[in-house]
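Engineer: The following comprises the amino acid sequence and a computationally predicted model.
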Amino acid sequence: MADLFDNAPSTGEPQRNAPRPLADRIRPAVLSDVVGQEKILGPDGPLGAMLAADSLSSLILWGPPGVGKTTIARLLAQESDRAFVQISAIFSGVPELRKVFEAAKLRFQQGRGTLLFVDEIHRFNKAQQDSFLPHMEDGTIVLVGATTENPSFELNAAVLSRAQVIVLERLSLADLERLAQRAERELGRALPLTGEARERLLEMADGDGRAALNLIEQVAAWKVQGKLDTQALAQRLMRRAAKYDKAGDEHYNLISALHKSVRGSDPDAALYWFGRMLEGGEDPRYLARRLLRMAVEDIGLADPQAQTQALHAWETYERLGSPEGELALAQSVIYLALAPKSNAGYAAYRGARALARQTGSLMPPAHILNAPTELMKDQGYGSGYQYDHDAEDAFSGQNYFPDGIKRPVLYAPVERGFERDLKKRVEWFAGLRQKRRGDERG
């Protein structure tokens, strides 16, 4: 279920007749009531197995907003009979942490453990994260950290080595529908929406259970006759912006999806991820640069026009700007996705760099060195060089690698696109080279 209950007051008692938010009213009482995270909470899931064995360890709950991190942490404390303490890395510093640890020590001495839930744990610096370690190791606390960011990038290795990372999934439409039905039972009435409008409402939540319940509560308060259709719903509600962090995981996830869709020759999927990034506010110039990279890295000489097309699309965007220029980039996406693919040039380049590192500073063979002075001529520079234009087929077949290196094959063109022709040329020159050497030995 969603992170529905982050806002319960930590001090003071609410007024008896104060209205309670819908999310608070349908708060799960047990873990089996949590929606959408059956893979981790079921008997065979990691958390289900821990509770069954009475061996709850420290955890990092990683997932997007509104998928149940706070709720699960609270219920884990309840079912393992530990005190639940919640802090936020945004508002807490060293003094607050020290108080929490001192209280947990007293509790531990009295025979009761503490589950310390740290929201936005990735916002703590290294020293603050390190302060948890001794208390995790001696059993004073079970740490449950919540983060929307990739823990492998944001958390200390020492913390990660002492905690199990649990990945929570974005809620599906089916999960959100279960939440909606639970909300309707609590409200005692159905939402005033047609079936299509109801689905559109849940889509607006974008996998966030807390957002879904907030939208449901808003719609349920409307005084309307009959049922609203999708158009009427759109007039009353603004669509929620898709989650997209241009500097975070979502940025890298989506550009990876776009790149792999182009590489996989799927123009529809490539356009979808391209559109997702634009809708999220991505800079079109970044996309233009990445498209050019795809043309060089994944298409190369299989279609030499791909690089030109990507450059022209970038140039067109610079001249037209948004939104018209984005159409040129979209056309580039389609062209690149449908172009023949080859990474032979990329592989040859990487192979050449690796060979260069291995062979150090070996000199070129003497016959291809310039000899501008008499001393250099005396040293054999340029001796025996054959001018290719004077040779049969304008090809001498001489060796151009350093002496002592066995001739490698770095460029291996594929049987696709223009590289099919290049492959024939490579094979033709290889045959001529072998013939010339045979003639020299004969």
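Structural biologist: Received the coordinates, thanks.
Engineer: where does G145 land in three-state SS?
Structural biologist: strand (DSSP: H, G, I helix; E, B strand; the rest coil).
Engineer: should've said F84
Structural biologist: strand.
Engineer: What residues does the nearest residue to it once chain neighbours are set aside make contact with?
Structural biologist: Distances taken as CB to CB, 6 or more residues apart in numbering place A77 nearest to F84, at 3.7 Å, with adjacent residues excluded. (Each C-beta comes from the backbone N, C-alpha and C, glycine too.) By CB atoms under 8 Å, 6 or more residues apart in numbering, the contact set of A77 is A83, F84, L115, F117.
Engineer: I'd like the domain boundaries of the chain, if you could list them.
Structural biologist: Split into domains by automatic domain parsing, the chain comes to 22-167, 173-236, 249-338, 363-441.
Engineer: Show me what counts as buried in whichever strand or helix holds the residue nearest to F84.
Structural biologist: If you go by DSSP states H and E, A77 is part of helix 69-79. Of the residues in helix 69-79, K69, T70, T71, I72, A73, R74, L75, L76, A77 count as buried by neighbour count, 16 or more other CB atoms under 10 Å.
Engineer: Kindly report the same for stretch 101-111.
Structural biologist: For stretch 101-111, by 16+ other CB under 10 Å, it's F101, A104, R107, F108.
Engineer: L116 in helix, strand or coil?
Structural biologist: Under three-state DSSP, L116 comes out as strand.
Engineer: check contacts around it.
Structural biologist: Contacts of L116 (CB under 8 Å, 6+ apart): V85, I87, V100, A104, F132, I141, V142, L143, V144.
Engineer: which residues touch the fourth one?
Structural biologist: Listed by CB under 8 Å, 6+ apart, the contact partners of A104 are A83, V85, T114, L116, H135, T140, I141.
Engineer: Just the buried ones from those residues?
Structural biologist: Applying 16+ other CB under 10 Å to those flags V85, T114, L116, H135, T140, I141 as buried.
Engineer: between these, which is nearest E374?
Structural biologist: Within the buried ones among the contacts of A104, proximity to E374 (CB to CB) peaks at H135, which comes in at 79.7 Å.
Engineer: how about the closest residue to that closest one other than its chain neighbours, phi and psi?
Structural biologist: Leaving aside its sequence neighbours, H135 sits nearest to I141 (CB to CB, 6+ apart; 4.8 Å). For I141, the backbone dihedrals are phi -130, psi 150 (criterion: degrees, to the nearest 10).
Engineer: my read: I141 touches S131, true?
Structural biologist: No. Between I141 and S131 there is no contact under CB atoms under 8 Å: 11.0 Å.
Engineer: Can you work out which residues contact both of the two?
Structural biologist: In contact with both I141 and S131: F101, using CB under 8 Å, 6+ apart.
Engineer: Alpha carbons of the helix or strand in which N214 is found, as PDB, please.
Structural biologist: Counting by DSSP H and E, the element that carries N214 is helix 209-220. Output of helix 209-220 as PDB, limited to C-alpha atoms (Å, rounded to 0.1, in the frame of the first residue of the first chain):
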ATOM      1  CA  GLY A 209      -1.300   5.200  -3.400                       C
ATOM      2  CA  ARG A 210      -1.200   8.300  -1.300                       C
ATOM      3  CA  ALA A 211      -1.900  10.500  -4.300                       C
ATOM      4  CA  ALA A 212      -4.700   8.100  -5.300                       C
ATOM      5  CA  LEU A 213      -6.500   8.400  -2.000                       C
ATOM      6  CA  ASN A 214      -6.100  12.200  -2.000                       C
ATOM      7  CA  LEU A 215      -7.700  12.300  -5.400                       C
ATOM      8  CA  ILE A 216     -10.500  10.000  -4.400                       C
ATOM      9  CA  GLU A 217     -11.200  12.000  -1.300                       C
ATOM     10  CA  GLN A 218     -11.400  15.200  -3.400                       C
ATOM     11  CA  VAL A 219     -13.800  13.600  -6.000                       C
ATOM     12  CA  ALA A 220     -16.000  12.100  -3.300                       C
END
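Engineer: low-scoring pLDDT stretches of the chain, where are they?
Structural biologist: 1-18, 239-249, 439-442 (pLDDT under 70).
Engineer: which residue lies farthest from the center of it?
Structural biologist: Distance from the C-alpha centroid of the chain peaks at E374, with 61.5 Å (CA atoms, centre = their mean).
Engineer: quick one, what contacts that residue?
Structural biologist: Contacts of E374 (CB under 8 Å, 6+ apart): none.
Engineer: separation between D283 and A328?
Structural biologist: 15 Å (CB to CB, to the nearest Å).
Engineer: Looking at the two, which is more packed in?
Structural biologist: Using other CB atoms under 10 Å, the more surrounded residue of D283 and A328 is A328, with 21 against 12.
Engineer: Just say helix, strand or coil for the more buried one.
Structural biologist: helix.
Engineer: Appreciated, that's everything.
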